[in-house]
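In: predicted model follows, preceded by the sequence.
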Amino acid sequence: MNENDTDLIRYIYDEMDPTERMMFERKLERDENLLIEVETLKHTSGKLSDLPEVSPPDFLIQNIVQLSGSKGGSGFSFSYTLMAAMVLFTFSASYLMLDTENRFSFLGAFDNASQEQVDGVAKSSTGALPEMQPWVDYNEVLYLDQGSATASKQDSIFRQLQPSMGPVPGTMRDRFFNSDVVLTGSSN
Amino acid sequence: MVLKKTKNLPARYQDLKDQELVHLYRKKEDQLAFQELLNRHQTKIYSYIFSMVRNEEVANDIFQDTFTKVITKMDETYDEQGKWIAWVMRIAHNATIDHIRKQKRFVDVSGATDDDSKDDFYDRLEDESAIDQQTQLEMDESASELMKYIAELPEEQRTVIMLRHYYEMPFKEIAELTNVSINTALGRMRYALINLRKMFEENHTTQTKSV
């Protein structure tokens, strides 16, 4: 495709700047064949104006209009997603808090267990009251051998150690209630 | 063909530019703004698709697919710097070309009995059955003849003609849309016009002989 061929189309479709146009017209004055080609193609191009415009059927437009309404933009889905996420977060947080409360009540129940109950369990399992063997793991969590301890011994050890005890880092409780202390009992 | 306008749109929308309407639809979910956009461009987009596929049902499907993509992908893929209609036309063009190529592959594989000399899938279709009867009646004779000639052009030449005619799209944009250089786009237009001229001349010669 030479330069004349592309210029010819740009000339017919008025895509030349004024300088280019002027230069091309000078060329046309000198080149009769080029002039004939321009006129012929212009004539053919003019026939394209007979091309019909076809409208889409009404039902199609209605479908699209409906679709545009139901879409509601991505803002619609985004805002609903955000709301859903917030509701989910609220429920999750509530659940975790309730769960923590339950653990509190469990610990409370353990702390307030009657002397008789503890003694009864200890006696029934061992038949005697062995010495308590509290131990601390590598996370510095205090463990009381609850299966063999009396509540009074637990209390005395607890009171002795209380000043040096602190909250256990990294537990769920620690995240919500920094001021609390987690007591972990061994299952043995 | 009569241009059908969407009814009952407030006049203020008609004064807004495409970009402003797009903004209203995207940011304020203003459905009327979208309707005005559709109203402005539906006929040209549909005409382009129809002129390329020449089958009303297929044109309907492609048109609907195009606008489904426009609605669902606008927030993700359209940046408001570019012309909205150029973006829509790209979607319509890609969907149309996809269909034509799929059809072509299908015809190539299944149409073993077709004449080998016919290299365009339009040649392999029976024109009269491809065009809806009602539509055929609505077109006047010369327009129908012109459409028939255009349908006989190679796909890439037909694309350039239609994009230029229906959208007065600059050749630079046509080149971008069809992923070719501007010189190639200009060359395709030139060959399309030369081929059409030949078809007109052949038809004229045939008519003269028959008289």
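Out: Arrived safely, thanks for sending.
In: when you work out contacts or count neighbours from here on, use the C-alpha atoms and nothing else.
Out: Noted.
In: what residues does chain A put near chain B?
Out: Within chain A, the residues that sit near chain B (CA under 8 Å from any CA of the partner chain) are A:1, A:5-6, A:9-10, A:15, A:41, A:44-45, A:48-57, A:60, A:64-65, A:67-69, A:71-75.
In: list the buried residues for the strand or helix carrying A:Leu67?
Out: Using DSSP states H and E, A:Leu67 maps to helix A:58-71. Within helix A:58-71, the residues that count as buried by 16 or more other CA atoms under 10 Å in any protein chain shown are A:61, A:64-65, A:67-69, A:71.
In: hmm, stretch B:186-203 in reach of chain A?
Out: Yes. If you take CA under 8 Å from any CA as the test, stretch B:186-203 does meet chain A, through B:186-187, B:189-190, B:193-194, B:196-197.
In: name the residues of that stretch that are buried.
Out: Going by neighbour count (16+ other CA under 10 Å), the buried part of stretch B:186-203 is B:186-197, B:199-200.
In: could you list the low-pLDDT ranges of chain A?
Out: Applying pLDDT under 70 to chain A picks out residues A:1, A:71-82, A:98-134, A:142, A:144-150, A:166-188.
In: got the domain ranges for it?
Out: According to automatic domain parsing, chain A comprises the domains A:3-46, A:92-185.
In: ends of the first one, how far apart?
Out: Okay, so that is domain A:3-46. 23 Å (CA to CA, to the nearest Å).
In: state the pLDDT value of B:Gln64.
Out: pLDDT recorded at B:Gln64 is 94.
In: which ones are touching it?
Out: Listed by CA atoms under 8 Å, 6 or more residues apart in numbering or on different chains, the contact set of B:Gln64 reads A:60, A:64.
In: my read is it is in a helix, agree?
Out: Yes. B:Gln64: assigned to a helix according to DSSP: H, G, I helix; E, B strand; the rest coil.
In: please report how far it lies from A:Arg10.
Out: Taking CA to CA, one finds B:Gln64 at 34 Å from A:Arg10.
In: B:Ile62 too?
Out: Separation of B:Ile62 from A:Arg10 (CA to CA): 31 Å.
In: on that earlier part again, kindly reformat the residues of stretch B:186-203 next to chain A as CSV containing pLDDT.
Out: Listed next are the residues of stretch B:186-203 next to chain A as CSV, based on pLDDT from 0 to 100:
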residue, pLDDT
B:Leu186, 95
B:Gly187, 94
B:Met189, 95
B:Arg190, 94
B:Leu193, 95
B:Ile194, 94
B:Leu196, 93
B:Arg197, 92
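In: which members of the residues you listed occur in helices, if any?
Out: B:186-187, B:189-190, B:193-194, B:196-197 (DSSP state H).
In: so if I had to pick from B:Ile62 and A:Arg10, which one is more boxed in?
Out: Neighbour count, other CA atoms under 10 Å in any protein chain shown: between B:Ile62 and A:Arg10, B:Ile62 has more, with 24 against 20.
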